[in-house]
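1. pasted the sequence and its predicted model underneath.
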Amino acid sequence: MNYSIETRHLNLWYGNFQALIDVSVNIKDRLITGLIGPSGCGKTTLLRTFNRINERYGNVTTKGEIKIFGKNIYDNDVSLPELRKSVGMVFQRPNPLPISVYENIVLGMKLHQQRSSLKKSGLDEVVEQSLREVFLWDDLKDHLKKKATSLQLEQQQKLCIARLLPLKPRVILMDEPCSALDVEGTRAVEDMMLSLRERYTIIIVTHNMAQARRVSDECIFMLLGEIIEHNDTDDLFLNPRNPKTADYIEGRYG
Amino acid sequence: MESITFTETPFVRKKKRTEALAKLIFFLMALSMIIPLVMIIAYLVVQAWPILSIDFLLENPANRMRAGGVWAPLLGTIYLVVISLLVSAPIGVLAAVYLNEYATDNWFTRIINLAVVNLAGVPSIVHALFGLGAFVLFAGIGRSILAASLTLAIMTLPVIIASTKEALASVPMPFRTACWNVGATRWQTIRTIVLPNSISGILTGIILQVSRAAGETAPIMFTGAVFFKALKDDGLFAYNLLDQCMALSMHLFTISTQVPDVPHALPYGTAVVLMAIVLLTNGLSIAFRVYLRSRKRW
């Protein structure tokens, strides 16, 4: 089995507070892995270490190793812009930029390539392809000039995912991507995730255990900064090995 | 079953009276902000009325400051304001970008922020002495438009830094994280998203310093403004950088206190011109902000 992300003895502190304790985990390529656990258990923190965006949030110390496709991302020769190109992230609240739909999607390419190497026809093609992948093309093909911040929330969230695709990411991190959406929006985003599953490693943090069951292939249960259990989603929910997992999925705390 | 009537008790009535009184007092205090402004402007305009005309703006002071207009001081003030902001705006904006977008919270950043706050609190007469020592004497520029402008620049710098920082901080954090997550460097993020969305606030802050720089007397009195200066021609480029100049604020001081037998309307006319500059720039900054705000949506 191919692992896209492997961590070894990963410890992380915010100031003096230890948010991740000795996390060693292997995440498989081209599957959806769910990260579940009660608030403050470190799941979002773990997610954010995978593209090192954590380091922008202030006083963070990290020890240990994270290998993404075999490369330790804490090596000195790792360029953060290149890392983030390959490991994209989607947030709880959709965060499209206050520019047009079109500009949102080509932003990544404009940031990473010389302006002179970008041709209008090439960009148009990328925009169409990216929007098709997230099932937005039919809705938005006539509204590419529309301000992205004026779209419906569900469309905004899909756009935020589409925005990552032109950079040809290998891993897509999702931090509670549906928590701001209604039932229909959630269903649409979940359908889209399942269709992206074959091509990308997707890791989704969620509070919604039903969602974790619906979309994820494997599930990781975290508590107080530690990984308690990591298993096939069905096994984890039906036959939890650890009593703490059992208590959580049965709703005894959290 | 016991029924409820929901009628007023005496205590509730008392609370209502207090509430109405409190609202009235707060409203009157807020209203009183307008009164001094309107009265100042009305008083100045009435007193200056006989002398106000386009010629008053475009003529030079004549007959030992007892006649003529305010062209030389007006032009001097424009020079001082423009040059001082040309210096302080770029430095202030770039410093604020560093402080808000790059700097992490450590002792060094805290010292810079402390310096900015304290520099903003330094009295203008102290700025004047500093300008005299640093620019006029030490740097050897001599009393000149340049030295006076640099002194004004130092005075306006901390306020520009503070207002720019505030404008930058008002750009929502998710916009930045969105950029970082597609691999933007900090500078790319600033250029593509932070500056375009904060430019209205930044420019408003800078424009507001126009009125402040135009109004100050002390800092320029020691460093470059003079009692009287004959212009070499009528053009806009009648002053050199190393010339001394007249300035409206200084001119107002001179003709109100230093020159005997000045016609009554003359100082008031000068004050009206100075007030007009202040109000025009403030109005401009408001109009500008409204315009830019109407274009952004999030």
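-> Looks like it arrived, so ask away.
2. which helix is the longest one in chain B?
-> Longest helix of chain B, by residue count under DSSP state H: helix B:265-295.
3. per-residue confidence averaged over it?
-> The average pLDDT for helix B:265-295 rounds to 87.
4. which elements pack onto it?
-> Here helix B:265-295 touches helix B:34-48, helix B:54-58, helix B:71-97, helix B:195-215, helix B:248-257, going by 3 or more C-beta pairs under 8 Å, 6 or more residues apart in numbering or on different chains; DSSP states H and E. C-beta here means a position set from N, CA and C on the backbone, and glycine is covered the same way.
5. which one of those helices has the lowest average pLDDT?
-> helix B:54-58 (a mean of 84).
6. wait, residue B:142 sits on residue B:136?
-> Yes: Residue B:142 is within contact range of residue B:136, at 6.1 Å (criterion: C-beta atoms under 8 Å).
7. pick out whichever of the two has more residues nearby.
-> residue B:136 (21 against 14; other C-beta atoms under 10 Å in any protein chain shown).
8. which residues are in contact with that one?
-> B:142-144, B:147, B:222-224 (C-beta atoms under 8 Å, 6 or more residues apart in numbering or on different chains).
9. just residue A:47 next, same as before
-> So residue A:47 contacts A:35, A:89, A:173, A:175, A:203, A:205 (C-beta under 8 Å, 6+ apart).
10. so, low pLDDT: which residues of chain A?
-> Judged by pLDDT under 70, chain A has its weakly predicted residues at A:1.
11. chain B contacts on that one?
-> Neighbours of chain B within chain A, by C-beta under 8 Å from any C-beta of the partner chain: A:51, A:53, A:56, A:58, A:80-85, A:88-89, A:91, A:93, A:95-98, A:107-108, A:111-112, A:147, A:149-150, A:160, A:163-164, A:167.
12. just to revisit the earlier point, which pair of the contacts of residue A:47 spans the longest distance?
-> A:35 and A:89 (13.1 Å; C-beta to C-beta).
13. all strands of the stretch 1-150 of chain A, in order?
-> Per DSSP state E, counting those that start in this stretch, the stretch 1-150 of chain A carries strands over the ranges A:3-14, A:17-28, A:32-36, A:60-68, A:71-72, A:87-90.
14. report the buried residues of the longest helix of chain B.
-> The neighbour-count check on helix B:265-295 (16 or more other C-beta atoms under 10 Å in any protein chain shown) flags B:265-275, B:277-278, B:281, B:285, B:292 as buried.
15. let me know the closest of those to chain A.
-> Checking these against chain A with C-beta to the nearest C-beta, the nearest one is residue B:292 at 12.5 Å.
16. can you list the residues of the stretch 151-298 of chain B near chain A?
-> B:174-175, B:177-185, B:188, B:192-193, B:197, B:296-298.
17. quick check on these: which are buried?
-> Buried among those by 16+ other C-beta under 10 Å: B:174-175, B:177-184, B:188, B:192-193, B:197.
18. in what helix or strand does residue B:116 lie?
-> helix B:107-121 (DSSP states H and E).
19. what residues does that helix touch?
-> B:99, B:103, B:154, B:157-159, B:161-162.
20. check the offset of it from the chain's centre.
-> 20 Å (C-alpha atoms, centre = their mean, to the nearest Å).
21. and if you look at stretch A:157-166?
-> 11 Å.
22. who touches it?
-> A:88-91, A:94-96, A:101, A:104-109, A:126, A:129-131, A:133-136, A:140, A:148, A:151, A:172, A:177-178, A:180-181, A:185, A:188-189, A:192, A:196, B:178, B:181-182.
23. and of the contacts of residue A:47, the nearest to chain B?
-> Once C-beta to the nearest C-beta is applied, the member of those that ends up nearest chain B is residue A:89, at 4.5 Å.
24. just list whatever residues bridge to the closest one.
-> Listed by DSSP bridges, the beta-bridge partners for residue A:89 are residue A:173.
25. where's residue B:211 relative to residue B:166, distance?
-> 18 Å (C-beta to C-beta, to the nearest Å).
26. immediately after the helix or strand harbouring residue A:211, which helix or strand?
-> Element membership for residue A:211, per DSSP H and E: helix A:209-215. Later in the chain than helix A:209-215, the nearest helix or strand by DSSP H and E is strand A:218-223.
27. following that following strand, which helix or strand shows up next?
-> strand A:226-232.
28. packing partners for the next helix or strand after that following strand?
-> Remark: after strand A:226-232, the chain's next helix or strand is helix A:233-238, criterion DSSP H and E. In terms of contacts (3+ C-beta pairs under 8 Å, 6+ apart), helix A:233-238 is packed against helix A:209-215, strand A:218-223, helix A:243-249.
29. as TSV, those with mean neighbour count and distance to residue B:244 would be great.
-> Shown next, in TSV, are these (neighbours: other C-beta atoms under 10 Å in any protein chain shown; distance: least, C-beta to C-beta, whole Å):
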stretch	mean neighbour count	distance to residue B:244
helix A:209-215	18	75
strand A:218-223	24	72
helix A:243-249	17	79
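30. of these, which is nearest residue A:73?
-> strand A:218-223 (18.8 Å).
31. give me the angle between the closest one and strand A:226-232.
-> 160 degrees (axes from the mean of the first three to the mean of the last three C-alpha atoms, to 10 degrees).
32. who's in contact with the spatially most central residue of chain B?
-> Nearest to the geometric centre of chain B sits residue B:209, at 2.5 Å (C-alpha atoms, centre = their mean). Shown in contact with residue B:209 (C-beta under 8 Å, 6+ apart): B:85, B:88, B:156, B:159-160.
33. looking at it, residue B:93 is touching residue B:157, isn't it?
-> No: here residue B:93 lies out of contact with residue B:157, judged by C-beta under 8 Å, at a distance of 10.4 Å.
34. higher neighbour count, these two?
-> residue B:93 (24 against 21).
35. near the spatially closest residue to that one that is not a sequence neighbour, how many other residues are there?
-> Distances taken as C-beta to C-beta, 6 or more residues apart in numbering or on different chains place residue B:164 nearest to residue B:93, at 5.1 Å, with adjacent residues excluded. By the criterion of other C-beta under 10 Å, residue B:164 has 25 neighbours.
36. roughly how far does residue B:164 sit from residue B:173?
-> Using C-beta to C-beta, we find residue B:164 at a distance of 17 Å from residue B:173.
37. equivalent analysis for residue A:49, please.
-> Separation of residue A:49 from residue B:173 (C-beta to C-beta): 19 Å.
38. do residue B:252 as well
-> 47 Å.
39. which one of the two is surrounded by more residues?
-> Using other C-beta under 10 Å as the criterion, residue B:252 and residue B:173 rank with residue B:252 on top: 22 against 11.
40. okay, now residue B:176: neighbour count?
-> Residues lying near residue B:176 (other C-beta under 10 Å) number 20.
41. so it is in which element?
-> helix B:173-180.
42. contacts for that helix next, please.
-> A:53, A:56, A:84, A:91, A:93, A:95-98, A:107, A:111, A:160, A:163, B:188-189, B:192-194, B:197.
43. check stretch B:243-254 too.
-> So stretch B:243-254 is contacted by B:61, B:65, B:70, B:72-77, B:79-80, B:143-145, B:148, B:214-217, B:220-221, B:224-229, B:239, B:267, B:270-271, B:273-274, B:277 (C-beta under 8 Å, 6+ apart).
44. same check, this time on stretch A:217-224
-> Defining contact as C-beta under 8 Å, 6+ apart, one finds that stretch A:217-224 is touched by A:21, A:25, A:27-28, A:31-38, A:40-43, A:46, A:197, A:212, A:227-233, A:236-237, A:240, A:242, A:244-245, A:248-249.
45. roughly how far does residue B:228 sit from residue B:245?
-> 11 Å.
46. one more: residue A:160?
-> 56 Å.
47. and residue B:147, by the same measure?
-> Residue B:147 is 11 Å from residue B:245, by C-beta to C-beta.
48. where is pLDDT lowest across the contacts of helix B:107-121?
-> residue B:103 (88).
49. so what's the residue count around that residue?
-> If we define neighbours as other C-beta under 10 Å, then residue B:103 has 15 of them.
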